[in-house]
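K.L.:
sharing a model prediction with you, sequence too.
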Amino acid sequence: MANQDTRLLMLIDDEPAQGRLVAALAARDGWRTLTVASGEEALAALASDEGRNVSAILLDQWVPGDAACDLIRELRAARPEAPLLMLTASTSPLLAVEAMRAGATDYLIKPVGPERLLQALASASRVEKPNAELQPMAEKLPHPVDFDAMVGTAAPFRTALAKAATAARGHAHVLVEGENGTGKDMLARAMHAASTRAKAPMRVVHCAGFPPASLESLLFGHEKGAFPGAFDRQAGLIEHCDGGTLILDDVDRIPAEQQERLAEVLKTGIVRPTGAAHGFKIDLRIFASSDFALDELVAAGQFSEGLFTELSATRIRLPALRERMGDIPALTRYFLSKIGQQPGLKHHSIADSALSLLEAYDWPGNVRQLQAVLFRACVFEQREALTAHSFPQLSELLGDLADRGESRARGLGVLLYTDDGNVRPLEEIEADIIRLAIGHYRGRMTEVARRLGIGRSTLYRKLSELGIDNAA
């Protein structure tokens, strides 16, 4: 495997223009690209001296159906340890599911943005990468863009949502902070959908994915002849979103000079494209997000104090998943319901053994990582229920740390499955539900019967038949 300084990407693509684009994007993060036009050339190159240094493989899915999967299997057999990403124009997860079953590590949907490609390559090929089962994915399942899709009952999370819902109805800029994968982008989109500007233009900029010059033109625009190569006037996104909303992801990654320029635009409400003699008035609302606490970056001299002041009229912090572990069962069932709706996948339930395993992990990639882990498990699990065996690498990583009785001890539900994934007998489940109700209502049998929807005499008869002590 090549070291971090000499990373080599093999691109399998027969379109020279796209090959040059991918090579240029990958070069921003230190990748050198070896481009081949066919599967045969790729397999031959992998066997060559240069091919032995390939750190990752990117396959453009230009061969249909089974042929693409057959090629993936051959590439995986030739280079088992190399991350293999598929680039596809299809927005249907069906092809991605089949590709992952054949051995693909991840998939990206064309046209691929620079930040998405670099994120996928970095995630797939980091030197001390997590087990493949725990890797985040470049693409996410589509979610409804509203607050109802933000699942969780933990106090810090509900506080953040309530603050966001209130802010959405206002007019001030909003700053959302939180670790990578906590749902900042989804929250920003939900705020826009709930705002008075919901039908106005909205654009998202992933600031980390652009070199400074490109980001400057993208945001502020430029006049014809403003700099070498500026052959036409380009309207910036600030102008395009006049009257609407601009979402700035990773706002801390904007270069310092452009931070000051943006702060001035927000303070005065006037934007002047690069090379323009005069500016013009704009009405713009910004939802900005950052993986870091921006006040700390300001104190360290790493972020513009003026821009922080303009953006932080409303400041929302999304908690990490490890700060709301009690939400994992609800999040898991929500994701499983969404995954089960995707072509090529089926609905899965989750056994207590698997749920306890998920609860024992600290999820450094947060909600996004949990979703990716569940998606991969559903791709490969043929049984109806996900069990601890559906997450072999996570089981190996946690070992005895995952207490199989933890979910029950927390009162998160009744065991529905045995550890091998089979459904428990109805009599045992019924007995557990009655015991749970007796404990929950502190032995008040009239209330227990009422909540279970049965008469007191029926309840006592069941206690006798199931051998349950009413002091349980």
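P.N.:
Now that the structure is in, tell me what you want to look at. Note that this is a predicted model, so its numbers are computed, not measured. Numbering: from 1, shown residues only.
K.L.:
which stretches of the stretch 51-200 of the chain have low pLDDT?
P.N.:
Low-confidence segments of the stretch 51-200 of the chain (pLDDT under 70): 62-66, 91-93, 124-132, 136-145.
K.L.:
now the helices: where do they sit in it?
P.N.:
65-78, 93-102, 114-125, 155-168, 184-194 (DSSP state H, counting those that start in this stretch).
K.L.:
please identify the deepest-packed of the ones you listed.
P.N.:
Ranked by mean neighbour count, the helices of the stretch 51-200 of the chain are led by helix 184-194 with a mean of 22 (mean count of other Cβ atoms under 10 Å). (Glycine included, C-beta is placed from N, CA and C.)
K.L.:
hey, C-alpha coordinates of that one in PDB?
P.N.:
Backbone C-alpha positions of helix 184-194 (Å, rounded to 0.1, in the frame of the first residue of the first chain) are rendered in PDB as follows:
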ATOM      1  CA  LYS A 184     -26.200  20.200  10.700                       C
ATOM      2  CA  ASP A 185     -26.900  20.200   7.000                       C
ATOM      3  CA  MET A 186     -30.300  18.500   7.500                       C
ATOM      4  CA  LEU A 187     -31.200  21.000  10.300                       C
ATOM      5  CA  ALA A 188     -30.300  23.900   8.000                       C
ATOM      6  CA  ARG A 189     -32.500  22.600   5.200                       C
ATOM      7  CA  ALA A 190     -35.400  22.000   7.700                       C
ATOM      8  CA  MET A 191     -35.100  25.600   8.900                       C
ATOM      9  CA  HIS A 192     -35.200  26.900   5.300                       C
ATOM     10  CA  ALA A 193     -38.300  24.700   4.600                       C
ATOM     11  CA  ALA A 194     -40.000  26.100   7.700                       C
END
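K.L.:
what residues sit buried inside the very next helix or strand once past it?
P.N.:
Towards the C-terminus, the helix or strand next in line after helix 184-194, according to DSSP states H and E, is strand 202-206. Neighbour-count burial for strand 202-206, with 16 or more other Cβ atoms under 10 Å as criterion, is recorded at 202, 204, 205, 206.
K.L.:
report the angle between strand 202-206 and helix 184-194.
P.N.:
Calculated by axes from the mean of the first three to the mean of the last three Cα atoms, to 10 degrees, strand 202-206 forms an angle of 170 degrees with helix 184-194.
K.L.:
and the contacts of the helix or strand just after strand 202-206?
P.N.:
As assigned by DSSP H and E, the chain's next helix or strand after strand 202-206 is helix 212-220. Identification of contacts with helix 212-220 by Cβ atoms under 8 Å, 6 or more residues apart in numbering yields 205, 207, 210, 230, 234, 236-238, 254-255, 257-258, 261-262, 265, 271-274.
K.L.:
can you tell me which of those residues are buried?
P.N.:
Buried by 16+ other Cβ under 10 Å: 205, 207, 210, 234, 236-238, 254, 258, 261-262, 265, 271-274, out of those.
K.L.:
nearest to residue 185, of those?
P.N.:
For the buried ones among the contacts of helix 212-220, the minimum distance to residue 185 (Cβ to Cβ) is 11.1 Å, reached by residue 205.
K.L.:
OK, contacts around that closest one?
P.N.:
Contact partners of residue 205, counting by Cβ under 8 Å, 6+ apart, are 215, 218, 219, 237, 246, 247, 248, 249.
K.L.:
what distance do you get for residue 249 to residue 303?
P.N.:
Between residue 249 and residue 303 the computed distance is 15 Å (Cβ to Cβ, to the nearest Å).
K.L.:
which among the contacts of residue 205 gets closest to residue 156?
P.N.:
Residue 156 lies nearest to residue 249 out of the contacts of residue 205, by Cβ to Cβ, at 21.7 Å.
K.L.:
list the contacts for the closest one?
P.N.:
184, 185, 188, 204, 205, 206, 207, 208, 289.
K.L.:
returning to that earlier point: okay, the helices of the stretch 51-200 of the chain in JSON lines with distance to residue 441 next?
P.N.:
Shown next, in JSON lines, are those (distance: least, Cβ to Cβ, whole Å):
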{"stretch": "helix 65-78", "distance to residue 441": "54"}
{"stretch": "helix 93-102", "distance to residue 441": "44"}
{"stretch": "helix 114-125", "distance to residue 441": "48"}
{"stretch": "helix 155-168", "distance to residue 441": "25"}
{"stretch": "helix 184-194", "distance to residue 441": "37"}
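K.L.:
closest to residue 435 out of these?
P.N.:
Residue 435 lies closest to helix 155-168 among those, at 28.5 Å (Cβ to Cβ).
K.L.:
and the angle for the closest one with helix 184-194?
P.N.:
Put simply, helix 155-168 runs at 40 degrees to helix 184-194, going by the same axes, to 10 degrees.
K.L.:
begin at 4 from here
P.N.:
Happy to do that; since the first residue is 4 now, the last one works out to helix 158-171.
K.L.:
give me the residues contacting helix 158-171.
P.N.:
Here helix 158-171 makes contact (Cβ under 8 Å, 6+ apart) with 150, 153, 155, 177, 179, 190, 193-195, 197-198, 317, 319-322, 326-327, 330.
K.L.:
again, only using 7 Å
P.N.:
If you take Cβ atoms under 7 Å, 6 or more residues apart in numbering as the criterion, helix 158-171 is touched by 150, 153, 177, 190, 194, 197-198, 317, 319-322, 326-327, 330.
K.L.:
which of these fall within strands?
P.N.:
Among those, DSSP state E puts 177, 317, 319, 320 in strands.
K.L.:
out of those residues, who's the most crowded?
P.N.:
When neighbours are counted by other Cβ atoms under 10 Å, residue 177 leads the ones in strands among the contacts of helix 158-171 with 27 neighbours.
K.L.:
ok, that one - contacts?
P.N.:
In this structure, residue 177 makes contact with 170, 194, 290, 317, 319, judged by Cβ under 7 Å, 6+ apart.
K.L.:
picking that back up, please identify which of the contacts of residue 252 is nearest to residue 302.
P.N.:
residue 292 (19.5 Å).
K.L.:
what's in contact with the helix or strand containing the closest one?
P.N.:
In this structure, residue 292 sits in strand 288-293 according to DSSP H and E. Outside strand 288-293, the residues that touch it by Cβ under 7 Å, 6+ apart are 174, 176-180, 187-188, 191, 194-195, 200, 248-255, 269, 314.
K.L.:
how is the chain partitioned into domains?
P.N.:
The record assigns the chain these domain ranges, following automatic domain parsing: 7-132, 158-320, 429-469.
K.L.:
what sits against residue 54?
P.N.:
So residue 54 contacts residue 48 (Cβ under 7 Å, 6+ apart).
K.L.:
make it 10 Å
P.N.:
Listed by Cβ atoms under 10 Å, 6 or more residues apart in numbering, the contact set of residue 54 reads 11, 13, 37, 39, 45, 46, 47, 48, 81, 82.
K.L.:
what's around the fifth one, how many residues?
P.N.:
Other residues near residue 45 number 25, with proximity taken as other Cβ under 10 Å.
K.L.:
now it: which helix or strand?
P.N.:
Secondary structure from DSSP H and E places residue 45 in helix 42-49.
K.L.:
quick one: buried residues of that helix?
P.N.:
The neighbour-count criterion (16+ other Cβ under 10 Å) identifies 42, 45, 46, 48, 49 as the buried residues of helix 42-49.
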